[in-house]
Every structure is written in structure tokens, then in C-alpha cells.
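**Q** structure for the following, please:
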Amino acid sequence: MHTTTVFEHLKKHGQLLDLEIAEATGIALDDVRASLSVLSAQGDISRCSVTSFVNGQAVEGFQCRLAGYFPRPAPGRKPGVKVA
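**A** Now for the predicted structure:
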């Protein structure tokens, strides 16, 4: 199974479609979808089904990202409450 490869790729590149993961890693699309199902069942990723249209044809796929991931705050000063 390619679950660790798929998980590491999502960790490095963020939110991606299953087709993009398959192209980037060189793993067959069916194997990527099986790995995404396992990772989703374990609660490691969030997955939703997406329908996009390319040249008028519907393309079904999954969009995935790491579960519970919140980006770090940007460096620098933050707006806050001013005390008079």
C-alpha cells in the first residue's frame, strides 16, 4: 500500500486532488484512491468528493488535505485591543 507516500505528499504540498497526487507520485489512480480511503478512515486526512468540468465533460475525484491542519500565523505584529 502507498499510504505513507500519499500522506507525506499531502503533508508537503497541502490540499490536492487525487488526480494530482497520482500524477506527482507516479502511483496508479486506483491505488491512490485506496490509500486515501484508508487514511480517511484512520482520521489522518479530510476528503470530499468533487465534480469538475473539463471541456464540457464531468470529471469525478476527491479533494484531500490533512485533518486538523491549521496554518501557522504570519510573523509580525498582530492587531490587538488598544488600552487607553
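
**Q** Ile45: how many residues sit nearby?
**A** 25 (other CB atoms under 10 Å). C-betas here are computed from N, CA, C, even on glycine.

**Q** what sits against it?
**A** By CB atoms under 8 Å, 6 or more residues apart in numbering, Ile45 lies in contact with 7, 10, 36, 39, 64-67.

**Q** repeat that for Val59.
**A** Contacts of Val59 (CB under 8 Å, 6+ apart): 19, 51-53.

**Q** burial check on Leu17, number of neighbours?
**A** Neighbour tally, Leu17, other CB under 10 Å: 16.

**Q** oh, I was asking about Leu29
**A** 13.

**Q** quick one: it and Met1, what's the gap?
**A** Between Leu29 and Met1 the distance is 15 Å, computed by CB to CB, to the nearest Å.

**Q** picking that back up, which of the contacts of Ile45 has the most neighbours?
**A** Highest neighbour count within the contacts of Ile45: Cys64, with 27 neighbours (other CB under 10 Å).

**Q** surely that residue and Leu19 touch.
**A** No - using CB atoms under 8 Å, Cys64 makes no contact with Leu19, being 11.1 Å away.

**Q** related to what we said a few turns ago, just the contacts of Ile45: which has the poorest pLDDT?
**A** Across those, the smallest pLDDT goes to Ala67, namely 85.

**Q** need phi/psi at that one.
**A** phi -80, psi 140 (degrees, to the nearest 10).

**Q** OK, contacts around it?
**A** Neighbouring residues of Ala67 by CB under 8 Å, 6+ apart: 43-46.

**Q** show me what the lengthiest helix in the chain is packed up against.
**A** As assigned by DSSP state H, the longest helix anywhere in the chain is helix 29-42. Applying 3 or more CB pairs under 8 Å, 6 or more residues apart in numbering; DSSP states H and E, one finds that helix 29-42 makes contact with helix 3-13, helix 18-25, strand 45-54, strand 57-66.
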